[in-house]
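>>> Let me see the structure of the following:
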Amino acid sequence: MRIINLDLDEDFLKRFFDLTGDKLPESITLVSLKKQVLNIKDRFRSILADSSGASVITGSDSSEDSDDEKISLSRANNVLLVDNLGVITYQVQMIMERLGFQITATKDVYGALSLFEDKEFDFILMDLLIPTEREGFILLAELQNIARRKGTNPIIGVMSVAGKKELKNESLEKGADFYIEKSYNWQQRLTDIVKDYIGN
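As a prediction, the model looks like this:
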């Protein structure tokens, strides 16, 4: 099997492999990347099936979601997502849309603050490492400052690939409503937490 030299950031690759609980291998091949993508797709299909209470249909027989599969809230149904990794953004968007939310996504702190100033959000889901926890904690504090000024109270969830318990504790102490480590089965944990908040 031919080993290829991929010009990809090591942190990006680590987070990519973390999606299925796998460790980053010492060498990457096209076959191993393809296998990882298929693993992520399979896990994501099962998460979507669990969140809707129905089996996922693939292929040409798939149909549109019925209205009663989605959860209605009396509020704006908006979610602000702050994450710089596209595969995470995609998965969170699919999960939250399945639960009846509209996603607005941004990759950086300044974009998140600007969006939050201009729009009402029920949930804010933010990566802590953007690109380091220092910026993440600054964002968490500023979001709360803006919320107090606007008189709103969005639910703020912090997500991170970092498995350090102290980061979880600090996030909760600084005002996050919940913390999810983006490791094995994090998509299901997010689904369950959001369902608890919206009373499903």
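>>> Could you use CA atoms for every contact and neighbour count after this?
Will do.
>>> Show me this protein divided up by domain.
The chain breaks down into these domains under automatic domain parsing: 10-53, 70-198.
>>> By mean pLDDT, show me the worst of those.
Note on the domains of the chain: lowest mean pLDDT is at domain 10-53, with a mean of 63.
>>> Turn the domains of the chain into JSON lines, columns for mean neighbour count.
Formatted as JSON lines, these follow (neighbours: other C-alpha atoms under 10 Å):
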{"stretch": "domain 10-53", "mean neighbour count": "15"}
{"stretch": "domain 70-198", "mean neighbour count": "17"}
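>>> tell me the phi and psi of Thr104?
phi -120, psi 120 (degrees, to the nearest 10).
>>> Kindly report the same for Met159.
Per degrees, to the nearest 10, the backbone of Met159 is at phi -120, psi 140.
>>> May I ask you to confirm that it is in contact with Ser183?
No. Using C-alpha atoms under 8 Å, Met159 is not in contact with Ser183, being 10.0 Å away.
>>> Remind me which helix or strand Val79 belongs to.
strand 78-82 (DSSP states H and E).
>>> Pull the residues that contact that strand.
89, 96, 101-109, 112, 116, 120-127 (C-alpha atoms under 8 Å, 6 or more residues apart in numbering).
>>> now do 10 Å
Contacts to strand 78-82, defined as C-alpha atoms under 10 Å, 6 or more residues apart in numbering, come from residues 88-89, 92-93, 96-97, 100-109, 111-113, 115-116, 119-128, 130, 136, 139, 154-159.
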